[in-house]
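Chemist: Below: sequence and its predicted model.
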Amino acid sequence: MNSDLVTLARHSIALQKENPEASGDFTLLMASIQLGCKFVASNVRKAGLANLTGLAGCKNITGDDQKKLDLIADDVFVNSLKSSGKVSVLVSEEREEAIIIEGEQSGNYAVVFDPLDGSSNIDCGVSIGTIFGIYRSDRPSYSNKDVLRPGREMVAAGYALYGSSTQLVVSYGKGVHCYTLDPSLGEFILTQENIVIPERATIYSVNEGNSSLWDKQTCAFVLSRKSPLKGRKPYSLRYIGSMVADIHRTLLYGGVFLYPRDSKNPAGKLRLLYECFPMAFLIEAAGGRATDGKDNILDIIPTSIHQRSPICIGSRLDVSELATLYMEMD
Ligand code: AHM
Ligand code: MG
């Protein structure tokens with residue numbers, strides 16, 4: 001039995017030892033994110049028992065039906081992050097406007113998050129997650145501008161996966177680390193350090209039911225995975241419909257996950273700030289790549305907090321092949 005437990009706090013403090021500017025604020029901010037994740041994990045586990053499944057009866061800003069757990073998760077993260085005293089701007093998928101925190105409760109970070117991603121899967125017990133990205137925000141007056149910045153400027157990003165176990169996957173800029181919740185201790189314990197994504201793998205992940213609406217580059221790319229050139233193996237299709245679960249598999253096993261633009265959704269479906277950016281931040285830190293077809297996802301400058309983006313993300317060589325198709329086919 002391992003008696004030298006490396007908790008997330010211990011690990012992140014150790015990683016920051018070389019940073020002379022580290023004040024401990026980031027560790028406190030991460031503690032508030034961990035608390036939110038533990039609360040959501042516990043409620044996801046008992047959702048069917050505690051009457052937490054089903055719709056709340058309202059829609060969010062991007063038109064999705066909100067589930068009861070969407071709203072509970074949102075409240076828990078907002079309260080936990082606000083009370084940390086380390087945050088000045090909060091953007092949640094579930095709220096139309098950014099929350100600006102001024103005065104004594106305010107701090108030097110801005111956090112963007114999707115409190116419960118993949119929530120259409122709650123009622124059937126499929127894995128769901130929380131996604132977050134963190135910017136530093138040192139200005140004296142705080143506004144949306146603190147988060148309308150390229151994803152590359154984030155200082156950390158991560159997701160919690162509420163699956164067969166609860167796992168928190170985080171990058172503080174360099175490396176990607178996985179912490180697993182030990183329910184008996186209530187602590188996230190380091191279980192994988194410096195995860196590296198395979199540079200190619202034979203898995204593709206996309207909602208192929210939309211294929212009649214795709215552009216020709218996406219059609220050609222997906223066809224090239226299923227019917228590859230001689231000598232290459234056809235890829236397997238894996239699609240859960242929960243971005244966190246699909247990206248977690250992609251990070252560990254490699255392959256490519258796509259949510260492309262289509263004729264009904266010309267900007268794609270997934271949200272840039274709190275879905276695409278954090279995932280691209282993690283996958284790049286693990287050696288992979290993320291593109292919208294033309295630009296690296298992390299280089300896009302958002303113009304609004306709920307902006308959508310097409311995304312192709314995963315193993316470097318696979319993603320590069322889609323980027324090449326976009327360059328070659330007009
Ligand atoms: P949500 O934020 O409303 O849960 O929607 C995002 C989810 C992602 O987790 C997932 O990748 C995608 O929507 C699935 O969409 P679709 O059902 O169109 O395949
Ligand atoms: Mg979402």
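Modeler: That came through fine. Ligands and ions are numbered 1, 2, ... in the order given.

Chemist: And residue 65, what's its pLDDT?
Modeler: On pLDDT, residue 65 comes in at 65.

Chemist: List the buried residues in stretch 249-266.
Modeler: Buried residues in stretch 249-266, counting neighbours by 16 or more other CB atoms under 10 Å, are found at 249-262. Using the backbone N, CA and C atoms, a C-beta is placed for each residue, glycine as well.

Chemist: Looking at those residues, which are in helices?
Modeler: Under the assignment DSSP state H, these contribute 249, 250, 251, 252, 253 to helices.

Chemist: quick check, nearest of the buried residues of stretch 249-266 to residue 14?
Modeler: Each of these was scored against residue 14 by CB to CB, and residue 251 proved nearest at 22.3 Å.

Chemist: ok, that closest one - contacts?
Modeler: Residue 251 makes contacts with 169, 176, 195, 197, 282, 283, 286, 288, as judged by CB atoms under 8 Å, 6 or more residues apart in numbering.

Chemist: if we can go back for a sec, can you redo the ones in helices among the buried residues of stretch 249-266 as a markdown table with pLDDT and distance to residue 18?
Modeler: Compiled in a markdown table, these are given as follows (pLDDT from 0 to 100; distance: CB to CB, whole Å):
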| residue | pLDDT | distance to residue 18 |
| --- | --- | --- |
| 249 | 98 | 33 |
| 250 | 98 | 30 |
| 251 | 98 | 25 |
| 252 | 98 | 28 |
| 253 | 98 | 32 |
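
Chemist: still on that earlier bit, nearest to ligand 2, out of the buried residues of stretch 249-266: which one, please.
Modeler: Ranking the buried residues of stretch 249-266 by separation from ligand 2, with CB to the ion as the measure, puts residue 259 on top at 10.8 Å.

Chemist: isn't that closest one right next to residue 310, touching?
Modeler: Yes. If you go by CB atoms under 8 Å, residue 259 and residue 310 touch, sitting 6.7 Å apart.

Chemist: hey, what's in contact with both of those two?
Modeler: The overlap between the contact sets of residue 259 and residue 310 (CB under 8 Å, 6+ apart) consists of residue 268.

Chemist: quick one on the thing from earlier: next, format the buried residues of stretch 249-266 as JSON lines and append distance to ligand 1.
Modeler: Below are the buried residues of stretch 249-266 laid out as JSON lines (distance: CB to the nearest ligand atom, whole Å):
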{"residue": "249", "distance to ligand 1": "12"}
{"residue": "250", "distance to ligand 1": "11"}
{"residue": "251", "distance to ligand 1": "14"}
{"residue": "252", "distance to ligand 1": "17"}
{"residue": "253", "distance to ligand 1": "17"}
{"residue": "254", "distance to ligand 1": "18"}
{"residue": "255", "distance to ligand 1": "14"}
{"residue": "256", "distance to ligand 1": "13"}
{"residue": "257", "distance to ligand 1": "8"}
{"residue": "258", "distance to ligand 1": "10"}
{"residue": "259", "distance to ligand 1": "6"}
{"residue": "260", "distance to ligand 1": "11"}
{"residue": "261", "distance to ligand 1": "13"}
{"residue": "262", "distance to ligand 1": "10"}
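
Chemist: can you give me the helices in the stretch 151-300 of the chain?
Modeler: Ranges of helices in the stretch 151-300 of the chain, per DSSP state H, counting those that start in this stretch, are 216-226, 243-253, 277-285.

Chemist: Nearest to ligand 2: which residue in the stretch 201-330 of the chain?
Modeler: Using CB to the ion, the closest approach of the stretch 201-330 of the chain to ligand 2 is made by residue 275 at 5.3 Å.
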